[in-house]
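Asker: got a sequence here, can you build the structure:
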Amino acid sequence: MKNLIRFICLSLCCFAFGFTAASQARQRVSFARRASSATVSGTVRGYAYRDYIVRASAGQTLGVRLKSANTYTIFTVFQPGGDNLEGAAEMDEFSGALPSNGDYVVRVMMMRAGARRPGSFANYSLTISID
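Answerer: Numbers count the residues shown, from 1 in each chain. Okay, here's the model as predicted:
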């Protein structure tokens, strides 16, 4: 009986944590031929976030602009090593030179003040440019 209870508890935990991890989305951003920017749209709900991955080289300029009717919508840019890109944390617009080669992650999310409200969501449009 104890084993059955342990199994049920473990199954419920795996289900709950698996659902939370699955709610986060990742998408690689592709640029059209000869284009230096791309625009993507999406929705974030509550504490969920959406990651956009873009490959860039050291010295290139990354531009990111987020448009949303929900004023709590922000983004943070992460460097290839996982650290925040200086000056690109919790912003709605950013432009700056990149320090290294690799995949940069632009994470769109809601600020805690907005995310904690029941039923909160934000539709957005995100433009990423690399020059």
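Asker: wouldn't Val54 be in contact with Thr127 here?
Answerer: No. If you go by Cβ atoms under 8 Å, Val54 and Thr127 don't touch, sitting 11.6 Å apart. C-beta: built from backbone N, CA, C; applies to glycine.
Asker: so for these two, which sits in the more crowded spot?
Answerer: Val54 (19 against 14; other Cβ atoms under 10 Å).
Asker: quick check: bridge partners of the more buried one?
Answerer: Note on Val54: beta-bridge partners by DSSP bridges are Tyr104.
Asker: so who does the residue nearest the centre of the chain touch?
Answerer: By Cα atoms, centre = their mean, the mean C-alpha position of the chain lies nearest to Arg107, the distance being 2.0 Å. Taking Cβ atoms under 8 Å, 6 or more residues apart in numbering, we find Arg107 in contact with 49-52, 75-78.
Asker: those in strands, which ones?
Answerer: 50-52, 75-78 (DSSP state E).
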